[in-house]
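Participant: Structure, please.
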Amino acid sequence: MPLEIIRNDITKVHADAIVNTANPMVKIGSGVDEAIYNAAGKDELLKERKKIGVMHPGEVAETPAFNLPAKYIIHAIGPIWEGGTNGEVEIVAKCYKKSLEKAKELGCESIAFPLLASGTYGFPKDVALKTAISEISGFLFHNEMNVYLVVYDKESFEISSKAFDDVTEYIAESEVLEPMQFLQVMYARREEEEYALDSLDEIAGSAFLDEDIDDIIRQKEETFQEYLFRLIDKKGLEDTVVYKKANIDRKHFSKIRSNPNYNPSKRTALALAIALELNLDETKDLLLRAGIALSRSNIFDIIMEYCIDHQITDIYEINCILFKYDQPMLGA
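Facilitator: Here you go, the predicted model:
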């Protein structure tokens with residue numbers, strides 16, 4: 001997926017460029033800066049950093065990545081948090097924007113960011129996250145690149161929004177079945193289905209005498225792929241808008257368009273439903289054509305049902321909520 005939130009040590013992430021929350025002076029700072037110097041090779045990296053000289057908040061510059069699993073380190077200078085009244089948010093936004101533009105200029109296909117300035121510089125993590133998502137998603141709408149937002153641990157990732165609080169309450173109030181309860185429900189449903197099938201078998205014997213099987217097959221409903229692109233045409237949307245809003249890359253979307261028998265994963269199907277801003281009934285109809293259903297026994301499905309029912313159509317906001325609950329994120 002073009003934007004992915006991952007839990008990892010940024011010095012271990014394989015990407016063309018790694019972004020460092022750098023010290024503005026020509027010396028090794030603390031936190032992410034120190035970790036990157038240690039992993040890349042302190043002496044070699046510091047020698048390259050000296051060639052750049054003193055930097056100011058909002059500026060970026062690149063060096064080789066040396067021993068890191070990357071080609072480049074992009075050094076970005078964030079602001080010290082002073083309450084948010086001195087343009088701190090705008091400066092951090094500029095760091096993301098300039099880092100992405102620099103990666104594009106260098107021919108990078110992938111880039112990994114930490115939550116810039118949210119460590120020793122004291123930038124509030126929820127504001128840092130919102131700024132990161134806003135700038136990265138804006139860039140990806142017009143450009144092709146794989147972007148990783150790297151979070152070291154759960155404590156580093158905070159969401160402060162009404163949507164998150166409401167999802168927490170929604171999950172608590174939902175009927176999430178325990179494994180044994182779930183098996184009992186499924187067994188009861190299976191018995192009901194077997195009874196229904198026995199009844200249908202009795203009818204089928206005489207029905208097929210009157211109606212040719214070929215005629216029945218010809219009456220089948222649209223496939224997932226056919227229905228999806230009819231919806232896209234009906235809404236007058238361009239392919240680019242759909243796959244960008246769905247957090248799906250261009251190659252994967254081309255595969256969907258060219259394959260009439262394409263069978264999506266649940267995450268991809270739901271991402272496309274979000275991109276098309278379908279309501280809950282329309283979403284279930286789309287999923288059904290791929291043999292997929294939403295279940296009240298699954299945290300991921302409950303979160304998705306909440307988001308769709310409450311018209312949350314920003315896939316990055318949804319993915320932040322899913323990440324917070326250790327659920328797989330939307331896209332492909």
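
Participant: What ranges does the stretch 101-250 of the chain have for its helices?
Facilitator: Per DSSP state H, counting those that start in this stretch, the stretch 101-250 of the chain carries helices over the ranges 125-140, 162-173, 179-210, 213-218, 224-234, 239-245, 250-258.

Participant: For the helix or strand that contains residue 306, name the packing helices and strands.
Facilitator: In this structure, residue 306 sits in helix 299-309 according to DSSP states H and E. Counting contacts by 3 or more C-beta pairs under 8 Å, 6 or more residues apart in numbering; DSSP states H and E, helix 299-309 is packed against helix 162-173, helix 266-275, helix 280-288, helix 315-324. From N, CA and C alone the C-beta is placed, and that goes for glycine too.

Participant: same question for it, mean pLDDT?
Facilitator: Per-residue pLDDT values over helix 299-309 give a mean of 93.

Participant: Please list the outside residues in contact with that helix.
Facilitator: Here helix 299-309 makes contact (C-beta atoms under 8 Å, 6 or more residues apart in numbering) with 163, 166-167, 170-171, 174, 176, 270, 273-274, 278-280, 283, 294-296, 312, 318, 321-322, 325, 327-328.

Participant: one more time with 6 Å
Facilitator: Helix 299-309 is contacted from outside by 167, 170-171, 174, 270, 280, 283, 294-295, 318, 327, using C-beta atoms under 6 Å, 6 or more residues apart in numbering.

Participant: Distance check, residue 78 against residue 116.
Facilitator: Distance, residue 78 to residue 116, using C-beta to C-beta, to the nearest Å: 5 Å.

Participant: Most neighbours among the contacts of helix 299-309, please name it.
Facilitator: Within those, most neighbours by other C-beta atoms under 10 Å means residue 270, with 27 neighbours.

Participant: Let me see the contact set for it.
Facilitator: Taking C-beta under 6 Å, 6+ apart, one finds 304, 330 in contact with residue 270.

Participant: try it again with 8 Å
Facilitator: Neighbouring residues of residue 270 by C-beta under 8 Å, 6+ apart: 283, 287, 304, 330.

Participant: Give the residues shared as contacts by residue 78 and residue 116.
Facilitator: Shared contacts of residue 78 and residue 116, defined by C-beta under 8 Å, 6+ apart, are found at 21, 92, 95, 123.
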